[in-house]
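Enquirer: no sequence on this one, just coordinates:
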């Protein structure tokens, strides 16, 4: 190539310098989104893997497809039987969601019957039925074991369908493990039910699962009962005050061995898992600090795909 007489040698050097700088910057931008193995090299994504490499809402939707495909519907009667493996304390008593160590219910014999005995355990929809329109028992969310827990009947009644929150001031009711009271936050003011600190992360991950598994719902049929905390959209699903609270609880109360065991027990019955228990980092990739980065299993503590 003939260099014009008007271009001095110093201009040619500058031209090559700028070109080299552009290539370096372009390569850096490309590398940011490429799957990097912490041990060096690139990550090989198996054929048919539609989870890895996704971000934010697209990543959430990919997990919806995975969770829904293997979900085995449970009848409401089967939920009682499921508790025998999913929610048993080390001492053999019921793992009471809202009673914790304050109750000693025996599986079966202390199960609430038609008499509605308050000194018994029943089935708590942690994501209340009224929020999704109290669908019939053929509806997956109605009997989803990741939504249902055994709970002290009185505490369950006190919770009603109030959102989860952190009360301010004196509690209106408490059983020393959970409490009901008032909360004021940006975007919300009203009564909330505050679970014990040791289960706040558990319930946050339950809600993240529900937001993912049921993101393709016809939200117009859900009514307005959950309008205090729901956006009635696939993403972000929760209003900001509730989302910020769930993120706080998720970060402050890490996944416990109890959660991992329950995840395995539910999977054995229902066929799917709660990915936010398997991969706590996933919360950050979808709603938190890593939303701009693509998700890869190798960047998690598990370091591999364990869903199947």
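Expert: Cool, the structure landed. Note that the coordinates shown come from a computational prediction; the quantities given were computed from them, not determined experimentally. Numbers count the residues shown, from 1 in each chain.
Enquirer: for whichever helix or strand residue 204 is part of, what is the distance to the chain centroid?
Expert: Per DSSP states H and E: residue 204 is located in helix 197-213. Taking Cα atoms, centre = their mean, to the nearest Å, one finds the center of helix 197-213 at 5 Å from the center of the full chain.
Enquirer: got it, and stretch 294-308?
Expert: 16 Å.
Enquirer: cool, and stretch 172-187?
Expert: 22 Å.
Enquirer: what is the helix holding residue 204 packed up against?
Expert: helix 56-69, helix 140-143, helix 240-252, helix 257-270, helix 275-278, helix 282-286 (3 or more Cβ pairs under 8 Å, 6 or more residues apart in numbering; DSSP states H and E). All C-beta atoms are positioned from the backbone trio N, CA, C, and that covers glycine.
Enquirer: mind listing what residue 210 touches?
Expert: Taking Cβ atoms under 8 Å, 6 or more residues apart in numbering as the criterion, residue 210 is in contact with 127, 141, 144, 146-147.
Enquirer: looking at the residues you listed, state which has the most neighbours.
Expert: residue 146 (27 neighbours; other Cβ atoms under 10 Å).
Enquirer: where does it fall, phi/psi-wise?
Expert: phi -80, psi -10 (degrees, to the nearest 10).
Enquirer: which residues touch it?
Expert: Taking Cβ under 8 Å, 6+ apart, one finds 206, 209-210, 213, 266, 270, 274 in contact with residue 146.
Enquirer: re earlier: dump the helices and strands packed on helix 197-213 to CSV, plus mean pLDDT.
Expert: Formatted as CSV, these follow (pLDDT from 0 to 100):
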stretch, mean pLDDT
helix 56-69, 98
helix 140-143, 97
helix 240-252, 98
helix 257-270, 98
helix 275-278, 98
helix 282-286, 98
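Enquirer: indicate which one of those helices is closest to residue 303.
Expert: helix 275-278 (11.4 Å; Cβ to Cβ).
Enquirer: measure residue 187 to residue 211 for me?
Expert: Counting by Cβ to Cβ, to the nearest Å, the gap between residue 187 and residue 211 amounts to 17 Å.
Enquirer: which one of the two has more residues nearby?
Expert: Between residue 187 and residue 211, residue 211 has the larger neighbour count (other Cβ under 10 Å), namely 24 against 11.
Enquirer: what segments of the protein are strands?
Expert: Under the criterion DSSP state E, strands of the chain are mapped to 121-125, 148-152, 173-174, 179-185, 188-194.
Enquirer: most tightly packed of those strands?
Expert: strand 148-152 (a mean of 27; mean count of other Cβ atoms under 10 Å).
Enquirer: could you dump the helices and strands packed on helix 197-213 to a markdown table with distance to residue 113?
Expert: Shown next, in a markdown table, are these (distance: least, Cβ to Cβ, whole Å):
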| stretch | distance to residue 113 |
| --- | --- |
| helix 56-69 | 33 |
| helix 140-143 | 19 |
| helix 240-252 | 34 |
| helix 257-270 | 23 |
| helix 275-278 | 32 |
| helix 282-286 | 38 |
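Enquirer: so residue 292 makes contact with residue 55?
Expert: Yes - in terms of Cβ atoms under 8 Å, residue 292 counts as a neighbour of residue 55; the distance is 6.9 Å.
Enquirer: these two - which one has more neighbours?
Expert: residue 55 (16 against 10).
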